[in-house]
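Asker: Take a look and give me a structure for this.
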Amino acid sequence: MSDASQLIDTEESETLAAREFGFWLFLMSDAIVFALLFATYAVLSQGHGGSQGPAGLFDLTRSGLETGLLLLSSLSFGLAVLALDMDRRWPTIFWLLATALLGLSFLVLEISDFRDLIARGLAPQENGFLSAVFVLIGAHGLHVAMGLLWIAILSAQLIIQGIDAPFRSRLLRLGYYWHFLDIVWIGIYSVVILPGFIT
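Answerer: Next comes the predicted model:
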């Protein structure tokens, strides 16, 4: 390998490392945003003024299905990364599209939950508790939607350009983001949804 090629490889590695570091800073700032939303929910969780509180707010079966879909999407994303590690373009695309389908199904159910709540007269403006629920779950849903857009863009790049070092780096960063959303959802499920069936 020539000195020029080594220099290019070194510069590319440094650029990818800098991008990954920047992404970790973004992810940490996003974790802070969700921590603040959870804290806001904790403060407002008793602010329902005798009207609808956590009890009976969500359907446990439906919420369990949403959780299963999101966890399965993390598994399919992991399979996409394994296919990428083996330099297999089309299996990578298949598993990315499976991830997108699972994520989209989750999002459709989440939007349907919001519509059902509003149809029952439980809109966010009713009380502080419902405002906190809509904002916390809605913020997560917005992040899932952005993740789906990111999957679509990377899938198109993979079809058109194939596998290279920058693509590998982008896909791994997307993986960190997607798994982070799973962790946030487990928090929402444990703190917002399940207590409604315990109380």
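Asker: The longest helix along the chain - what's its average pLDDT?
Answerer: For the chain, the helix with the greatest residue count under DSSP state H is helix 3-44. What helix 3-44 shows for mean pLDDT is 81.
Asker: Can you point out the buried residues in the helix or strand following that helix?
Answerer: Downstream of helix 3-44, the first helix or strand assigned by DSSP states H and E is helix 60-85. By neighbour count with 16 or more other C-beta atoms under 10 Å, helix 60-85 contains the buried residues 63, 66-67, 69-70, 72-74, 76-77, 79-81, 83-84. Yep, even glycine has a C-beta here, placed from its N, CA and C like the rest.
Asker: avg pLDDT for helix 60-85?
Answerer: Taken as a whole, helix 60-85 has an average pLDDT of 95.
Asker: Run through the neighbouring helices and strands of it.
Answerer: Judged by 3 or more C-beta pairs under 8 Å, 6 or more residues apart in numbering; DSSP states H and E, the packing partners of helix 60-85 are helix 89-119, helix 165-188.
Asker: Put together a markdown table for the ones you listed, with mean neighbour count on each row.
Answerer: A markdown table is the format used below for those (neighbours: other C-beta atoms under 10 Å):
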| stretch | mean neighbour count |
| --- | --- |
| helix 89-119 | 17 |
| helix 165-188 | 18 |
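Asker: Now do the contacts for residue 187.
Answerer: The contact partners of residue 187, by C-beta atoms under 8 Å, 6 or more residues apart in numbering, come to 34, 38.
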